[in-house]
Structure formats: C-alpha cells, structure tokens
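Participant: Return atomic coordinates for the entry below.
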Amino acid sequence: MADTMKGLKRTHYCGDVTEVGQEVVVGGFVDRIRNKGGVIFIVLRDRTGIVQLLFNDKSNPEIFEKAASCHSEYVLMAKGKVVERESKNYKIKTGLVEVFVDDLRILAKAQTPPFEIVSDSNVNEELRLKYRFLDLRREPLQRNIIMRHEIAKVTREYFYENGFIEIETPMMMKSTPEGARDYLIPSRVHQGKFYALPQSPQIYKQLLMISGYDRYIQLARCFRDEDLRADRQPEFTQIDLEMSFVDAEDIQECVEGFVQRVFKEVMNVDIPTPLPRLTFADAMNRYGSDKPDTRFGFEIQDISETVKDIDFIVFRNALSDGGSVRAINIKNGAGTYTRKEIDKLVEHAKGIGAKGLAYIRWADEPNCSFKKFLKDGELEIICNAVGAEKGDLVLICADKNKTVLSTLGAIRLICGKRLDVIPDDKYNFLWITEMPFFEHDDDNDTWVAAHHPFTMPMEECIEYLDTDPANVRAKAWDLVLNGTELSSGSMRITDFELQQRMFEALGMTDEEIQAKFGFLVDAYRYAAPPHGGMGIGLDRLAMIMCKADSLRDVTAFPKVQNASELMSECPSVVDDESLSVLGIKVDVEED
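Facilitator: Model prediction:
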C-alpha cells in the first residue's frame, strides 16, 4: 500500500531549492537513482526542474531502505534539510545543493515505462504520442507547454490593459462557408440538422461590434477539417480580436504593441516597431511567397529585359506567352551545389509545376546550362544583372509569372536551409498589405473570394468589383513571422448595399445569402460602427517562440497526420443505440 501525505505539505518546487540550511518538503517523480552502497542519491523532478535527494544508511536506516526500493518514475514526497553538495553541478539552478532527507513517502509506484523519460529522446514519435501522458513529463515538452501558458497570460494582460473585453462565443454554431470543411455535430432534438464547430468566431465577433462591445478579445478554440501539416492541427487556438471605430493602422499598431510585449516578457527579446511592411505584390515579386522569410537574402530578380534578345527558346516562349524570366543568386552556393545537387533542385521545380531550371554555376569558371545559346558577352551581362560572382550559383526559371514565382520562392527556402544561412535567433515580423480581393480558379475559370465574404475592398477598387476582379485589392493584411503566417486581418464591410454586391460578385443567389448569412445581413440593417480585426495563431506563435519543429511540440494532446489522437484512439466507433437517438445510420464503404 502506498504511503500517504499526512503530516507533510509541499513547501518548495524542486527547481526552487537553492538556499542552504532551509527545511523543505518537495514532491515529484524519480528522474534517476544512484546507489553508492552506504549512500543513495535520488534526483527528483517536477515541472520547475530537478533537485538531488541524499540518503545515508547510518543516519536513518529505515528511510535509506525505502529509498533503495525506489525506481524511475515513482512519485515521492521528501522532507529534509538543504545542504551544500560536495560534487557541484554549475549547469543547473539547484546544482550547488541537495536535500538530506529525514522523511520519505512513496506516494505511487510506477511500472517500467515504454521509453526512458529523458530530454533527448530518440524514441519513435508514434510511441511517444501513444503514451503522451509520459511524453509530457519530459523537460523539453514541459518547457514548451509552460511557455505557451506564459504567452497566453501575457496576451490576456496586454489586451485587458488596452480596454478589451473577453467574451466567449458559441462552440456550436450554424455551418457557414469559411474556406475549409466544417466539423459537424448532429442534433438529437432537431434530427437531420447539424451544428458546426466554429472555424473561427468571425461572424459572432462582428455581431458583438454591432452590439456595441467595441473591443473584443478571446482565446478562441477553432476547428477545421483539412489536411494536416507541421504547422496545422484540426483544432487550434486563436488570439481573436475585433475593434470598432478604427482603421487598419489602428489595429496593426495595437497588435505591434502586443508582439513587442509578449516577446519582451516571455523571452526578453526586443522587437523594434513599427514592423516593416510589404505589399502582397512586392512580397511575391521579391520572395515568391505571401509569407516570406526575410531573415536571409536570395531574393528573386526579374531578368526578362536582360535576356529578351537571347536566342534561347525557353526564355523566348515564356516572354511571348506573357510570362517572365526570373533568377535567384545563391551566394556561395557553387561549392555546395554540385551538378547532382542541382539536378535535385530541377526535379523539385518540376514537381511544383515548372518545366525546369536553367543555371549558372560559377566555381572556377562560370558553367552555364544554356551556354550554347549565348553570344559573346551575354553570359557576363546576365551575371552582372544578378550580381553573380565567383562561388555563386544562379538559378533561373522561365514560365508564367505565377509558376515562376512559386517555384523560385520554394527553391529559395530549400537553398537557404541547405546553406544554413537562416539564423534561428532572429525574429523578422512583417506586415503583408494590399491583399488581392479575388483569386482565379484556373480549373473552373472563375474568380473566387480570397477572404471571407465580409472583407472590405479598398475604396478605389469598389468600381472594379463587377468588371475587373483581378485589380480589386482588399483592406486585408497578414502578419508573418520568419516565413510563417501568424495572422490574417481585415476591415469589415458595414454597408448593407455593398455587402449585397459582394455576395452577388461571389455568385450567390438571394436564397443562398439568406440561408447562410441571413441573420448577419439583417443585423447590419440596424447600423454597425466601422470595425475590423484579426485572429493570431497562438499555437504557431508558441511554436516559433519555443523553436519547435511542429505544432505537436506545443500542444498537450495533438492529432497526427490523419487527424486521429493515438493516445485515446479517437475518433472511435459509436454504438448503434447512440446513433439511433440522433437519427443517424452509418454506411461504411468497404476498402
């Protein structure tokens, strides 16, 4: 039978035991044990760190024997006096002291865990996720989860201090189109009808502006049924905010203050403000991405004018079809990228959609993949145009602009990582502004909304809504950090007639508008203040601040690639009786 805590009350966390002479009571898990014969050392671990417990067979044989019976992951409480360690460890906060134990309680015994609970675990991730409750005992994950908590704490404090009110919005709502598939909840009372889990609180926070709550904040749980990536989970937390009687600059300035505050308080890192800005068009032209990583160079350069007279069919065809020829200069890349390595880049480019890559590899002498098509001096002109020098690798793509930019944007990141030129201690925030209002669906040759349908177009673009969708820009912006999109925001349409035009521009009938958004449309008939807002991904922010590789490393109980949770084995089968109450019958297709 396990011991009890009777008579003992924890006075210190393990990581806080530093003062010699104190009487302390600590509790935690057994991290490791060293039995030296007449002396036993137990390293005890809790969420704050570790402390060493000392047991001597001469001073208290009964306590010594109990310590000898302990194994890894046992739960202990120990009382004793803090003494100076003979063998000091200057790498940890408690490394100069240890606790000479005079009372030990074994509160729970543990069977041998399926993997060792150590910081640097090489265990298969699936096994760790299966036993996530054990994995979460490891110091790196505990550090991440605690930092995430600190980010959330600072978030609330900052927005409260700036006049925001935290308001909870429903977790069960009407299914409305927001860009991804909804998770649906069947209704028992209204059989055949479904609630949806919110992809975001978008509609509700706009309604709160109409209701007069001019500064709203919520750490909102959001749900999207979409394919997972390292920076995507089916359920996530959004720092959701909305403001009335403001313009875009007011919202961005408020968020810049938050960014500055959270990095300073959580990491003691100074983020200079105002944050830099790039228009969407400039970001695409320079970096080939609407979420560029600006911590390194290798920017895209348009060399269409430089090569327009070169007799190379690849360049000529691209230009005649209205495309472009663009290049990136991988500084000092010639030594790393052999011909075999370049071939891998070419295959990657083809996988994105490009026909290939041309290159100039300048090792001892410039080696050009299209040299036979060049006249004397033309190679030198291209090298000068892109600033190429000995040791550089120039990669060139010729195609439609969309293909060229996406290809070189991806190749740029690959080369930056390969050459290890991306600093991991730098935090480059960036506003992306003047977002396109519509996106062209090439498969159906139609224009579709690039944002939710309540996004305000720029005033000067409203006249193009019906006639020239390609030139309509939105009062929308993204916040990017080190190549990761943290947030999207926009000003909202508050004019009833303009909102109606927007729905019509998206091809929605009056019946569809009423069915999907009738309650919101009706609300705007009663007047709304000008408002806008953002949703900042708390998980992604924590991932970057923790220097984690995946959202799984900052989420306590994450899902894996197929949206299942390995520990609890969900989703799971539900019995027929439970389905019958909901009026549902499952028809499973055979593989």
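
Participant: So which elements touch the worst-scoring helix or strand of the chain on mean pLDDT?
Facilitator: One helix or strand of the chain scores below all others by mean pLDDT, DSSP states H and E: strand 446-449, with a mean of 72. Other elements packing on strand 446-449 under the criterion 3 or more CB pairs under 8 Å, 6 or more residues apart in numbering; DSSP states H and E are strand 438-441. Every residue, glycine included, has its C-beta placed from N, CA and C.

Participant: List the buried residues in the least confident helix or strand of the chain.
Facilitator: The neighbour-count check on strand 446-449 (16 or more other CB atoms under 10 Å) flags 447, 449 as buried.

Participant: List the strands paired with it, with their directions.
Facilitator: As defined by DSSP bridges, the strand partners of strand 446-449 come to strand 438-441 (antiparallel).

Participant: got a list of contacts for the partner strand?
Facilitator: With contacts defined as CB atoms under 8 Å, 6 or more residues apart in numbering, strand 438-441 is touched by 446, 447, 448, 449, 450, 469, 470, 472.

Participant: how about the residues you listed, which pair is most distant?
Facilitator: Among the contacts of strand 438-441, the pair separated by the greatest distance (CB to CB) is 446 and 472, at 14.5 Å.

Participant: you'd agree residue 43 is up against residue 30?
Facilitator: Yes: here residue 43 reaches residue 30: they are 7.5 Å apart, a contact under CB atoms under 8 Å.

Participant: Residue 195 - that's part of a strand, no?
Facilitator: Yes: assessed by DSSP: H, G, I helix; E, B strand; the rest coil, residue 195 belongs to a strand.

Participant: Now do it, the pLDDT please.
Facilitator: pLDDT recorded at residue 195 is 94.

Participant: That one - how many residues pack around it?
Facilitator: Using other CB atoms under 10 Å as the criterion, residue 195 is surrounded by 18 other residues.

Participant: Residue 396 now?
Facilitator: Number of residues near residue 396 (other CB under 10 Å) recorded here: 26.

Participant: which residues of the stretch 201-350 of the chain fall in strands?
Facilitator: Secondary structure of the stretch 201-350 of the chain (DSSP state E, counting those that start in this stretch): strands at 215-223, 235-244, 277-279, 300-302, 324-330.

Participant: So which of the ones you listed has the densest surroundings on average?
Facilitator: Burial of the strands of the stretch 201-350 of the chain is given as mean neighbour count (mean count of other CB atoms under 10 Å); strand 324-330 ranks first at a mean of 25.

Participant: Give me the neighbour count for residue 58.
Facilitator: By the measure other CB under 10 Å, the count of residues near residue 58 is 8.

Participant: check contacts around it.
Facilitator: By CB under 8 Å, 6+ apart, residue 58 lies in contact with residue 38.

Participant: Adjust the sequence numbering to begin at 57 for everything that follows.
Facilitator: That works, and once the first residue is 57, the last one we named lands at residue 114.

Participant: Could you look up the SS state of it?
Facilitator: Following three-state DSSP, the label given to residue 114 is coil.

Participant: before we move on, back to that, make CSV from the strands of the stretch 257-406 of the chain and add distance to residue 145 and mean pLDDT to it.
Facilitator: Below are the strands of the stretch 257-406 of the chain laid out as CSV (distance: least, CB to CB, whole Å; pLDDT from 0 to 100):
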stretch, distance to residue 145, mean pLDDT
strand 271-279, 38, 97
strand 291-300, 37, 97
strand 333-335, 48, 97
strand 356-358, 50, 98
strand 380-386, 44, 97
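
Participant: Any chance of the ones you listed in JSON lines with distance to residue 94 as columns?
Facilitator: As requested, these are exported to JSON lines (distance: least, CB to CB, whole Å):
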{"stretch": "strand 271-279", "distance to residue 94": "53"}
{"stretch": "strand 291-300", "distance to residue 94": "52"}
{"stretch": "strand 333-335", "distance to residue 94": "68"}
{"stretch": "strand 356-358", "distance to residue 94": "70"}
{"stretch": "strand 380-386", "distance to residue 94": "63"}
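
Participant: Dump the helix or strand that contains residue 111 to CSV, restricted to CA.
Facilitator: Using DSSP states H and E, residue 111 maps to strand 105-112. What follows is strand 105-112 as a C-alpha-only set of coordinates in CSV (Å, rounded to 0.1, in the frame of the first residue of the first chain):
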residue,chain,number,x,y,z
GLY,A,105,13.3,21.3,-12.6
ILE,A,106,15.2,18.8,-10.6
VAL,A,107,16.8,18.6,-7.1
GLN,A,108,19.1,15.9,-5.7
LEU,A,109,18.0,14.0,-2.6
LEU,A,110,20.6,12.5,-0.3
PHE,A,111,20.1,9.3,1.9
ASN,A,112,22.7,7.9,4.3
